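# A predicted structure for the sequence below; I have some questions about it.
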Amino acid sequence: MSRNTDHKDFKSYRTIRHSLKVVFCCLTAIPFVVFAFIYFRIGTFNTALSGALIVLALILVLQGFIVFRRVAEHIEQLSTTMAEAEEGKVKRVRDAGETKELFLIADTFNRTLSKLEETARELGIKAIQASTLNEIREIVSKTIQMEEVARLILERSLKAVSAHAGYLAVKQDGFPRLLVAASAGTPFEMPGEIDLDPDRTLAGLVMRRRSPILIEDIEQEKQLKALNSPDMGVPRLLYLSVVGKDVPMGALALGRERDSPQFGEEDVQFLQTMLQQVAYSFENARLYQNLLQSKKDLEIALEAQKKAQEQLLTSARMAAFGELSVNIAHELNNPLTGIMGYANLLQSSLVMDEETRVQLEMIQNQAMRASEIIRSLLDFVGTRSDSRILTDLNDIVRKVLLLSDGRMSDHGIHLDLKPAEKLPPVMVDPARMEQVFFSLISNALNAMTGAYGGPQRKPSLRIETGQSKGKVYVSFRDNGPGIAPEHLSRIFEPFYSTQESVSRVGLGLWVSDRIVRAHGGVIRVKSETGKGSNFVVILPLNIED
């Protein structure tokens, strides 16, 4: 090679020559490797095998030296000719055959490199897919949770075939719908279920065909586009059915963006192989899911049966209580009649002061109230006509408070009474509504006196009446311990009580609720543990409301 040539391409050829020299030096190391192999494996250089190996190594080195030397000379000659041509020195290539041979060698070498790169890329994909198969087979064999199995299958499928979105749907026994067990990469929120009808969804269609559905561009497929529900938001789609024991169990849907290549046969073959590998685990997970659902249904059925038994028991207790109420009513009516008679006799036969007269009237009124309560007990076994009249609820509240005043004074309970001015009267049975208010006040006092051994804060009862939206209300708010959330939904059930130390009957709120509902009203409850409860009786202004 000419020393005067300083062209930039000439320097690149020097780099090639340098690389060839490195290769040649590596070849010269072959005998030493052979010698080491003979020494460590055979232990001597005197055998025929060792001699043959040494000769073979020397021949390879010599042949390699000749080949690389000729290639180097060709490259040197070509680079020198190119440099002289650029300087204007026209010179005929003396050996065009050798130059052409060098070109063919270079072209073959480039094509070989391209094939090697393509093969390496394919081998890389195969390695990833093989690793994915082993990984997913090992993972899914360790769990039978359907959500976990579906998530693992979908994640590995997306990664193995370079998909951007997808979902895995599972067939539900006895239902014409697919349950979406896992989804990823979709721009829209996936529905929980997919129609199994093949005329409505691609998932249903692939399960009927049991063969893959490849779609290059869903926008160009008008017939299939109508079945693209749910839409994954990508044009290139691939649908496969999950089959176990020759029975379709679900559908796997994957998608790619438009700038990505469409799914090929290799992708389909790999995914089918993977789904075959995990079919048994998938089937086990599906059976386990069905078992959990059956267990849940059984628990619901048992709970319903338990409630039905409780209702039957309650009905039996109510029937017994009704019979007992009749006997009690007859037994108590006679002494109450005597009390009222003697009270009337005292009022007419004695000259008394005002205080005594008021007390005798209270005795007579309470005896009449007791008689009304006894008559209300008879409602459990029969009916009687209501005695409804237009009544001011403020008067009923004040009347009931007279009966509770002593108890509130004994326990230091502060009463905050706020009656509404000009409260319109409502059509109610005064005796029954008095019973309701007394029951609610009594429950509030029981809660506060039972909660405060020594008053950590002063017990307080706030009673307020008012009118709103064509209805009147009476609110009873206490600052007792409140009602726990697990008890709040059951306080209106018969024989259910949260005050076991005070009352073991549990009929007060149930009876009150029945009375209010009979008047077209309702009792609302709000309670917070540690802060107290608020019971509100709401009644319509007109019974027709």
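Alright, I've got the coordinates.
# what bridges to residue 472?
residue 467, residue 539 (DSSP bridges).
# thought it was touching residue 539?
Yes: look at residue 472 against residue 539 with CB atoms under 8 Å: they come within range, at 5.5 Å. C-beta here means a position set from N, CA and C on the backbone, and glycine is covered the same way.
# joint contacts of the two?
393, 426 (CB atoms under 8 Å, 6 or more residues apart in numbering).
# and stretch 463-471, which residues are buried?
Buried residues in stretch 463-471, counted by 16 or more other CB atoms under 10 Å: 463-466, 471.
# mind listing the helices for the stretch 101-250 of the chain?
146-160, 202-209, 222-225 (DSSP state H, counting those that start in this stretch).
# Would you tell me which of those helices gets closest to residue 297?
Nearest of the helices of the stretch 101-250 of the chain to residue 297, taken as CB to CB: helix 146-160 at 16.6 Å.
# Report all helices and strands that the closest one contacts.
helix 96-140, strand 165-171, strand 177-184, strand 247-256, helix 265-349 (3 or more CB pairs under 8 Å, 6 or more residues apart in numbering; DSSP states H and E).
# Among the buried residues of stretch 463-471, which one lies nearest to residue 153?
Nearest to residue 153 among the buried residues of stretch 463-471 is residue 471, at 58.8 Å by CB to CB.
# ok, the closest one - contacts?
521, 538-541, 545.
# thinking again about what came up before, got TSV for the buried residues of stretch 463-471, with distance to residue 145 too?
Shown next, in TSV, are these (distance: CB to CB, whole Å):
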residue	distance to residue 145
463	56
464	54
465	57
466	55
471	52
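# now, among those, which is nearest to residue 275?
residue 471 (63.8 Å).
# pLDDT wise, what is residue 534 at?
On pLDDT, residue 534 comes in at 92.
# and what of the one 5 residues further on?
Residue 539 carries a pLDDT value of 93.
# unless I'm mixing things up, it is touching residue 517, no?
No: counting by CB under 8 Å, residue 539 does not reach residue 517; the two are 10.5 Å apart.
# Name the residue in the two with the higher neighbour count.
Ranked by neighbour count (other CB atoms under 10 Å), residue 539 and residue 517 place residue 539 first, with 21 against 12.
# what about residue 387, is that helix, strand or coil?
Following DSSP: H, G, I helix; E, B strand; the rest coil, the label given to residue 387 is coil.
# ok, the residue nearest to it when sequence neighbours are not counted - contacts?
Nearest non-adjacent residue to residue 387, counting by CB to CB, 6 or more residues apart in numbering: residue 429, 5.3 Å away. Residues in contact with residue 429 (CB under 8 Å, 6+ apart) are 386-389, 515, 519.
# pLDDT score assigned to residue 429?
Value for residue 429, per-residue pLDDT: 88.
# Report the separation between it and residue 441.
18 Å (CB to CB, to the nearest Å).
# and residue 406, what element?
helix 393-410 (DSSP states H and E).
# helix/strand/coil for the residue nearest to residue 534 when sequence neighbours are not counted?
Using CB to CB, 6+ apart and skipping the chain neighbours, the partner closest in space to residue 534 is residue 477 (4.3 Å). Three-state assignment for residue 477 (three-state DSSP): strand.
# what's the burial count for residue 477?
That count, for residue 477 with other CB under 10 Å as the rule, works out to 18.
# Can you give me every residue that contacts it?
Neighbours of residue 477 in contact, by CB under 8 Å, 6+ apart: 461-464, 532-535.
# And residue 241, by the same measure?
Contacts of residue 241 by CB under 8 Å, 6+ apart are 206-207, 209-211, 248, 250-252.
# are any of those buried, and which?
206-207, 248, 250-252.
# Nearest to residue 510 among those?
residue 250 (50.9 Å).
# Most widely separated two among the contacts of residue 429?
389 and 515 (15.4 Å).
# So for the two, which sits in the more crowded spot?
residue 515 (22 against 11).
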